[in-house]
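S.K.: What shape does this take:
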Amino acid sequence: MNADEGSAEDALLCSPTPTFVLDEAGRVRRANMAGEALATASERVMRGRPLDDFLRFGEPAAALGARAEAAPFFAFDRRIELAQGPARDGDVAVAPLSTRPGWRVVAVHARPAPRRPRVRRPVDAAAVLAHEIKNPLSGIRGAAQLIEGAGEGGEMPRLIRQEVDRIAALLDRMEGLTDTRPLDCGPLNIHAVLRDVAALARQGYARDVAIDEAFDPSLPAVLGERDALVQLFTNLLKNAVEAAPRGPVQLRTAYRYGVGLGDGAGGRVALPIEAAVIDDGPGLPSAVAAALFTPFVTTKLNGSGLGLALADKLAADLGGVLEHARNEAAGRTIFRVRLRRAGADR
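M.R.: Predicted coordinates:
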């Protein structure tokens, strides 16, 4: 590659739009920072691999490139499937690279993923109802303890207490969905939080499941609140263990440059810290996946449908976002939490 070729490619890659340089076979040769953020992979990882391994536009990238043999080609309103994130809608521009015969430049104008609505009004009403129900439950539990203490009623008092405790735990989770108090966030070591969550899991519901840790040791402090983070990742890890009871389940962290979210006022909040919970379970039906974070949506026979809804709310309360992705090629389900870095204004 001569100096002119290198400078031309460097100029293209300075664009804030996700941009990729492909060779004649549709393999990635260069990618800018915006492209790395969209694909959730570094240029080094992508180099030499087909762009289709990371992004799909409804047809192979090589086929799109063939349409731009002599002149630029534009594909509007395409569904952009991401290997490591939720699908997005957007436009794709493909143009020949004049300095390298057969090579193409692909620019992807992906529209931001819409923010999910937070808690819905029926859940607000349910939380009020939950508060009212808890008072008589306490009386029922106390009466069952008295009967049990008197040695009467056989097994029935114990069964009553168990059911009251189960209902009370469910009501607590419903109330948590509508807690609007701001979190007192500060700098935290996310790895310390994840290790505590994993240690607790190994003593209980994940006693027989391997939990692998793949942490980026250079990760800076996250801006968060410990109790909220513990609850968030406990819900995600428990969900992963239930989906893949034979394991393994993986906890993974990484730093993602350029990843962020609109703040609703024309600005952008950087969310470079990624913590993911990955399992090898069978995944979810598409109809359920589309409403995964909606309260009371579940595929579990005895599930409440509140665990992931609460995890989604906690991620938002922390100023971050919770994402779900399914990698069918690897047979993995990924729940990815993107969080703010401590000390960063944006």
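S.K.: Can you show me the helices along the stretch 151-300 of the chain?
M.R.: With DSSP state H, counting those that start in this stretch, the ranges of helices along the stretch 151-300 of the chain come out as 156-176, 190-202, 226-243, 286-289.
S.K.: Report pLDDT for residue 146.
M.R.: For residue 146, the pLDDT comes out at 81.
S.K.: Shouldn't it be within a helix?
M.R.: Yes - secondary structure of residue 146 (DSSP: H, G, I helix; E, B strand; the rest coil): part of a helix.
S.K.: All further residue positions should be reported with the first residue as 21.
M.R.: In the new count, where the first residue is 21, that last one comes out as residue 166.
S.K.: Can you report how many residues lie near residue 249?
M.R.: For residue 249, the count of nearby residues is 27 (other C-beta atoms under 10 Å). The C-beta positions use only the backbone N, C-alpha and C, and glycine is treated the same way.
S.K.: That one and residue 345, how far apart?
M.R.: 21 Å (C-beta to C-beta, to the nearest Å).
S.K.: How about residue 360?
M.R.: From residue 360 to residue 345 the distance is 21 Å (C-beta to C-beta).
S.K.: Please give the centre-to-centre distance between stretch 340-353 and its chain.
M.R.: Here stretch 340-353 is found 7 Å from its chain centre; the criterion is C-alpha atoms, centre = their mean, to the nearest Å.
S.K.: Straight-line length of that stretch, end to end?
M.R.: Length of stretch 340-353, first residue to last, C-alpha to C-alpha, to the nearest Å: 20 Å.
S.K.: Tell me which stretches of the stretch 21-170 of the chain form helices.
M.R.: For the stretch 21-170 of the chain, the helices defined by DSSP H, counting those that start in this stretch cover 23-33, 53-59, 63-66, 81-87, 141-169.
S.K.: What's the mean pLDDT across the first one?
M.R.: Taken as a whole, helix 23-33 carries a mean pLDDT of 60.
S.K.: what's the neighbour count on residue 363?
M.R.: With other C-beta under 10 Å as criterion, residue 363 counts 9.
S.K.: What of residue 354?
M.R.: When neighbours are counted by other C-beta under 10 Å, residue 354 registers 20.
S.K.: and stretch 332-343, how far apart are its ends?
M.R.: First residue to last in stretch 332-343 (C-alpha to C-alpha) measures 9 Å.
S.K.: which of the residues in that stretch are buried?
M.R.: Within stretch 332-343, the residues that qualify as buried are 332-343, counting by 16 or more other C-beta atoms under 10 Å.
S.K.: Over to stretch 229-237?
M.R.: 229, 231.
S.K.: Show me the contact partners of that stretch.
M.R.: Residues from elsewhere that reach stretch 229-237 (C-beta atoms under 8 Å, 6 or more residues apart in numbering): 211, 214-215, 218, 221-222, 257, 261, 264-275.
S.K.: and that stretch, how far from the chain's centre?
M.R.: In terms of C-alpha atoms, centre = their mean, the centre of stretch 229-237 is found 17 Å from the chain centre.
S.K.: cool, and stretch 99-116?
M.R.: Counting by C-alpha atoms, centre = their mean, stretch 99-116 comes out at 18 Å from the chain centroid.
S.K.: Stretch 287-307 now?
M.R.: Stretch 287-307 sits 2 Å away from the centroid of its parent chain (C-alpha atoms, centre = their mean).
S.K.: Over to stretch 89-102?
M.R.: Using C-alpha atoms, centre = their mean, the offset of stretch 89-102 from its chain centre is 27 Å.
S.K.: Ok, stretch 160-177 next?
M.R.: The answer for stretch 160-177 is 45 Å, by C-alpha atoms, centre = their mean.
S.K.: Also stretch 171-184?
M.R.: Taking the mean of its C-alpha atoms, stretch 171-184 sits 41 Å from the chain's own mean (C-alpha atoms, centre = their mean).
S.K.: Flag the shaky bits of the stretch 121-270 of the chain, pLDDT-wise.
M.R.: Applying pLDDT under 70 to the stretch 121-270 of the chain flags the ranges 132-155, 158, 186, 189-200.
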